[in-house]
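1. got a structure for you, letters missing:
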């Protein structure tokens, strides 16, 4: 088990380290690290290059998370029992965590990277599909009301452990402690990667996403 965790953690990191924001922007003759906020992520690409390139980067980043978390499901055969399923879940989490770390601290960008929101969504579609769909709806609502991408992303992250806690109270869905604490860790990591945005939000200097005429 530990060997499999290490292998998929490393594989996920290498997948995550491929930064599509830099690659897509380069195709348009732009160094995204020197434009806009300087962040190599989908939001900055959308702000600098427009909706098409920005949405493409978001989709590709989400695909990274989906692949990183989903590969163990495709490549590992397990026995049909709860213990084996829990082990595979942990290995999938390792692949997802590796992908997220690679995206945020890419070995190809001197350990710089994006915020990891799109990759988180892609990975959680594999690991926690219902909570992330609820989180995506919350993201859309908060963004529509505030026009702050960062605030919407923080709200999405915080909603994950709340969903794991509240859904069993009102539905037939159940989540184990490992799933709840995994969701809580993702929420904490999401808040940490947005710490500079939180400072700007509190100071009233955060960039608001304005529709182009």
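-> That came through fine. All figures in this text were calculated on a predicted structure; none of them were measured in a lab.
2. so which strand or helix has the closest residue to residue 160 other than its chain neighbours?
-> Excluding its sequence neighbours, the residue lying closest to residue 160 (Cβ to Cβ, 6 or more residues apart in numbering) is residue 183, at 4.0 Å. (Glycine included, C-beta is placed from N, CA and C.) Per DSSP states H and E: residue 183 is located in helix 177-193.
3. and the next helix or strand past that helix?
-> Next along from helix 177-193, by DSSP H and E: helix 195-203.
4. so residue 159 sits against residue 134, correct?
-> Yes. Assessed by Cβ atoms under 8 Å, residue 159 is found in contact with residue 134 at 6.3 Å.
5. which one of the two has more residues nearby?
-> residue 159 (22 against 18; other Cβ atoms under 10 Å).
6. ok but the more buried one is inside a helix, no?
-> Yes. Per DSSP: H, G, I helix; E, B strand; the rest coil, residue 159 lies within a helix segment.
7. show me where the chain has its helices.
-> 2-17, 20-27, 42-49, 51-75, 82-104, 117-127, 129-146, 149-170, 177-193, 195-203 (DSSP state H).
8. tell me the most buried of these?
-> helix 117-127 (a mean of 25; mean count of other Cβ atoms under 10 Å).
9. what about that helix, average pLDDT?
-> In this model, helix 117-127 has a mean pLDDT of 91.
10. so that it lines up with my notes, have the first residue be 150 from now on.
-> Taking 150 as the first residue, the last one we looked at is helix 266-276.
11. what does that helix contact?
-> 165, 190-191, 206-208, 210-219, 222, 238, 241-242, 245, 248-249, 252, 280-281, 284-285, 302, 305-306, 309, 328, 331, 335, 339 (Cβ atoms under 8 Å, 6 or more residues apart in numbering).
12. one step back: I figured the residue nearest to residue 309 hits residue 308, correct?
-> No. With contact defined as Cβ under 8 Å, residue 332 does not count as touching residue 308 (9.1 Å).
13. shared neighbours, the two?
-> What both residue 332 and residue 308 touch, as defined by Cβ under 8 Å, 6+ apart, is the set residue 280.
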